[in-house]
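# Can you look at this prediction? I've put the sequence above it.
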Amino acid sequence: MLGHLSFGVRDLRRAGVFYDAVLSSLGWVRLWDSPDGLGFGPPGGGEKLNLFPHPGAHAPGPGFHLAFDAPDRDAVDAFHTAAIDHGGTDRGAPGPRPDYGDAYYAAFVTDPDGYRLEAVHQ
């Protein structure tokens, strides 16, 4: 459905360190890298998330978050740990979310630029 998303970030190096860590827990890699941006996605695939430096960037307001599919519950746990260890903020520790469905297991974080992120395994 979606080709890719692009985020503006205030510090490209810091964002690269954060997203290298959190996305590797989900099996994604950095696919391209330049002074003008970074691209992430599955190995051998096209980029699904691009980051571009914009000093005045602001994350979208309430109601927006980006959910990444996780291959299993361990990946959700690893995503959350990596996010917290690399400057993210906890917005919901890994665990079942029965209000969202019987098999819904997720964790919620905010990245260093304020983007709300989720890793979910169903």
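All right, it came through fine.
# now Y19, what's its secondary structure?
Counting by DSSP: H, G, I helix; E, B strand; the rest coil, the backbone at Y19 sits in helix.
# what are the bridge partners for the residue lying closest to it once chain neighbours are set aside, then?
Setting aside the residues directly before and after it, Y19 is nearest to F40 in space (C-beta to C-beta, 6 or more residues apart in numbering), at 5.9 Å. From N, CA and C alone the C-beta is placed, and that goes for glycine too. Bridge pairing for F40 (DSSP bridges) gives the partners R30, L49.
# F40 - how many residues pack around it?
Using other C-beta atoms under 10 Å, F40 has 23 other residues around it.
# now the one 4 residues further on
Burial of G44 is recorded as 7 neighbouring residues (other C-beta under 10 Å).
# which parts of the longest strand seen in the chain are buried?
Using DSSP state E to define each element, the chain has its longest strand at strand 89-96. Buried residues in strand 89-96, defined by neighbour count with 16 or more other C-beta atoms under 10 Å: P94.
# Which elements pack onto it?
In terms of contacts (3 or more C-beta pairs under 8 Å, 6 or more residues apart in numbering; DSSP states H and E), strand 89-96 is packed against helix 73-85, strand 105-110.
# again, only this time at 10 Å
Under the contact criterion of 3 or more C-beta pairs under 10 Å, 6 or more residues apart in numbering; DSSP states H and E, strand 89-96 touches helix 73-85, strand 105-110, strand 116-121.
# Can you check which of the ones you listed gets nearest to P62?
strand 116-121 (9.0 Å; C-beta to C-beta).
# average pLDDT across that closest one?
The average pLDDT within strand 116-121 is 98.
# show me the residues around I84 that make contact.
Going by C-beta atoms under 10 Å, 6 or more residues apart in numbering, I84 touches 22, 90, 93, 107, 109.
# Just send the residues you listed back as JSON lines, with pLDDT too.
Formatted as JSON lines, the contacts of I84 follow (pLDDT from 0 to 100):
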{"residue": "V22", "pLDDT": "98"}
{"residue": "D90", "pLDDT": "98"}
{"residue": "A93", "pLDDT": "98"}
{"residue": "A107", "pLDDT": "98"}
{"residue": "V109", "pLDDT": "98"}
